[in-house]
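Colleague: build me a model from this:
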Amino acid sequence: MDKHTPEQRRRNMQAVKSKDSEIELLLRRCLWEKGLRYRKNVKSVYGHPDIAFIGKKVAVFCDSEFWHGFDWENRKKDFKSHQEFWIPKIERNIQRDIEVNEKLKSEGWTVIRFWGKEITKNIEQCADIVERAVKENEQV
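Modeller: Here you go, the predicted structure:
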């Protein structure tokens, strides 16, 4: 049984951002300070990466733990209500992430995915990984 009324649940779900999330803003700010220029939420690139370096073919995704199934085998047991909805939804998100990775890699892209916790705890390290990938792809 849901602890929220349908109206409360609706408001909560409407507040979930699909772009410009806190983790994206953190990483983008750090990349900008390093002098890296990128495009955000690029619709012309398969999978619509959160951050893309088009000419360098580097796609960066900032994945939240809930929506993208962090530690999924253990976490899916946490769902007490609406399991018939949430479990297939998140499993489909996980599968879609794999498909996006494979397609972009087959097209010559470097794909980088960070969990939200990685970004919040190790922002400099995440930015360094992106910077390294961009520089490596300049030489190609």
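
Colleague: and for the residue nearest to residue 27 when sequence neighbours are not counted, the neighbour number?
Modeller: Nearest residue to residue 27, sequence neighbours excluded (Cβ to Cβ, 6 or more residues apart in numbering): residue 119, at 5.3 Å. Where C-beta positions appear, they are placed from N, C-alpha and C, glycine not excepted. Neighbours of residue 119 under the rule other Cβ atoms under 10 Å: 23.

Colleague: what does the one 4 residues further on give?
Modeller: Residues contacting residue 123 under the criterion other Cβ under 10 Å number 17.

Colleague: tell me the confidence at the residue nearest to residue 27?
Modeller: As predicted, residue 119 sits at a pLDDT of 96.

Colleague: what about it, is that helix, strand or coil?
Modeller: Judged by DSSP: H, G, I helix; E, B strand; the rest coil, the three-state class of residue 119 is helix.

Colleague: could you number the chain from 24 rather than 1 from now on?
Modeller: Sure, I'll start numbering at 24, so the last one becomes residue 142.

Colleague: residues contacting the closest residue to residue 63 other than its chain neighbours?
Modeller: Nearest residue to residue 63 in three dimensions, chain neighbours excluded: residue 74, at 5.9 Å (Cβ to Cβ, 6+ apart). By Cβ atoms under 8 Å, 6 or more residues apart in numbering, the contact list for residue 74 reads 47, 50-51, 54, 61-63, 82-83, 85, 153.
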